[in-house]
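Visitor: got a sequence here, can you build the structure:
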Amino acid sequence: MRYSCRMKFVDEARARVQAGNGGRGSSSFRREKFVPFGGPDGGDGGHGGSVYLRAASGINTLADFRIERTFKAPHGEAGGANDCSGRGGADLYVPVPIGTVVRDADTHEQLGDLTRNGEELLVARGGKGGWGNQRFKSSTNRSPRQFGPGLPGERRLLEFELKVIADVGLLGLPNAGKSTLIRAVSAARPKVADYPFTTLHPNLGVVDVGQHRSFVMADIPGLIEGAAQGAGLGIRFLKHLQRTRLLLHLVDIAPLDPQADPVRDARAIVQELKSFSKDLGLKPRWLVLNKRDLLPAADAERRARTIGRALRHRGPQFLISGATGEGTKALCEAVMTFLEENDRAARERASSPGDAGVSPPVATSEESE
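Guide: All right, here's what the predicted structure looks like:
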């Protein structure tokens, strides 16, 4: 008997973190037969362990945090006699997906954004160990009996928000063909069906264009008009497009619904981007006219030109079929070239400190719908 399991995609979660308390200092005096005035010899307590978050490449969801959990670092041990310090508590490292934004749930302060594999973020600092009585020794206090109790470790309630990291993001209406396209150009295998909202969570695929040339593509659930105000599923996942460098706007040129208007729908999607985030609305966006296989070649090209002119799209546009793969090779090659040119321009700006305040334009697309 075969069992199959699908990991639930969770992109928001909470967790409590509690650093270890510092160990108590010791109040001890040296007692030896031939040392009549031994004096204080109490050691310091050990420091409590701190809690760190560590970005790990093998995790793609916050599902482990879907039930609120508490992560506790160990406490420091108490100090001992003979100036022996207590053992410090070991630091605790909690793995999270790359792309996790961390906030304090009480103050809503952003604590960090883990965008690189192995990157670490201190979220709760361990308490300092208390001083032993030998620390209080002075010329006027030769037999101190006071000691430090150790400081408590920090406690926090954290909010996690996962924003997938991809070079290219696909957007469009439900059933525009986004999942079909990512299946055609990568090894990703999202569910494909002929009903709206087949895609319920983001899917990532690596598109291999050639030797040492590849990029990551993200497919998010389809948007509908009003998504920025909470309609449909899109509002939950629009944030995943914020890290992308290029948007591919898929438009169905042969919708099944005779009342559908591709131009009106495309304009609605652009408006949703701008309503959700000004920066998202300004991202480079290419027009990808999909499902050319459903029309005769001449009709498909004529309709694509008509839609492009109606949208007054001044950026690149492509006519493809995600189902047959026609036109997808040229699209992927153009995307790879765009990303490489932007990387090259970024390196040139970084190597020219005198021009740091001026950012030359790099291959963007401006649309005025």
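Visitor: find the nearest non-adjacent residue to residue 169, please.
Guide: residue 244 (3.8 Å; Cβ to Cβ, 6 or more residues apart in numbering). Just so you know, the C-beta spots here come from the backbone N, C-alpha and C atoms, and that holds for glycine as well.
Visitor: and that neighbour, that one's in a strand?
Guide: No. Using DSSP: H, G, I helix; E, B strand; the rest coil, the assignment for residue 244 is coil, not a strand.
Visitor: in a strand, residue 331, correct?
Guide: No. Counting by three-state DSSP, residue 331 is not part of a strand but helix.
Visitor: list the buried residues for stretch 63-76?
Guide: 64, 65, 71, 72, 73, 74, 75, 76 (16 or more other Cβ atoms under 10 Å).
Visitor: ugh, wrong one, I meant stretch 77-95
Guide: So, applying 16+ other Cβ under 10 Å, buried residues of stretch 77-95: 77-81, 83-89, 91-92, 94.
Visitor: and stretch 291-309, by the same measure?
Guide: Neighbour-count burial for stretch 291-309 [16+ other Cβ under 10 Å]: 291, 292, 293, 295, 300, 303, 304, 307, 308.
Visitor: starting at the chain centroid, how far to that stretch?
Guide: 37 Å (Cα atoms, centre = their mean, to the nearest Å).
Visitor: for that stretch, give the mean pLDDT please.
Guide: For stretch 291-309, mean pLDDT is 92.
Visitor: what does that stretch rub up against?
Guide: 177, 251-254, 262-263, 266, 287, 289, 317, 319-324, 326-327 (Cβ atoms under 8 Å, 6 or more residues apart in numbering).
Visitor: next, work out how far apart residue 36 and residue 208 are.
Guide: As judged by Cβ to Cβ, to the nearest Å, residue 36 and residue 208 stand 81 Å apart.
Visitor: which one's more surrounded, those two?
Guide: More crowded of residue 36 and residue 208, by other Cβ atoms under 10 Å: residue 208, with 15 against 6.
Visitor: before we move on, the earlier item: what subset of the contacts of stretch 291-309 is buried?
Guide: Among the contacts of stretch 291-309, the ones that count as buried by 16+ other Cβ under 10 Å are 177, 251-254, 262, 266, 287, 289, 317, 319-323, 326-327.
Visitor: just the ones in strands from those, please.
Guide: Among the buried ones among the contacts of stretch 291-309, the ones falling in strands (DSSP state E) are 251, 252, 287, 289, 317, 319.
Visitor: farthest-apart pair in those residues, please.
Guide: For these, with distances taken as Cβ to Cβ, the pair at the greatest spread is 252 and 317 (14.3 Å).
Visitor: need the helices for the stretch 101-250 of the chain, in chain order.
Guide: Assigned by DSSP state H, counting those that start in this stretch, the helices in the stretch 101-250 of the chain fall at 178-185, 234-237.
Visitor: need the contact partners of stretch 317-335.
Guide: Defining contact as Cβ under 8 Å, 6+ apart, one finds that stretch 317-335 is touched by 167-168, 177, 180-181, 183-185, 207, 209, 215, 246, 248, 253, 286-293, 300-301, 304, 308, 316.
Visitor: now with 7 Å?
Guide: Residues outside stretch 317-335 that contact it (Cβ atoms under 7 Å, 6 or more residues apart in numbering): 168, 177, 180-181, 184-185, 207, 209, 215, 246, 286-293, 300-301, 304, 308, 316.
Visitor: let me see the domain layout of the protein.
Guide: 12-162, 168-355 (automatic domain parsing).
Visitor: quick check, nearest of the buried residues of stretch 77-95 to residue 56?
Guide: residue 94 (9.6 Å).
Visitor: for the closest one, which three-state class applies?
Guide: Per three-state DSSP, residue 94 ends up strand.
Visitor: what bridges to it?
Guide: residue 53 (DSSP bridges).
Visitor: touching, it and residue 72? I think so.
Guide: No. Taking contacts as Cβ atoms under 7 Å, residue 94 lies outside contact range of residue 72: 10.7 Å.
Visitor: so which of the ones in strands among the buried ones among the contacts of stretch 291-309 comes closest to residue 122?
Guide: Nearest to residue 122, judged by Cβ to Cβ, of these is residue 287 at 44.6 Å.
Visitor: just give the closest residue to that closest one, not the sequence neighbours.
Guide: Per Cβ to Cβ, 6+ apart, closest to residue 287 is residue 317, 3.9 Å.
Visitor: fine by me, thanks again.
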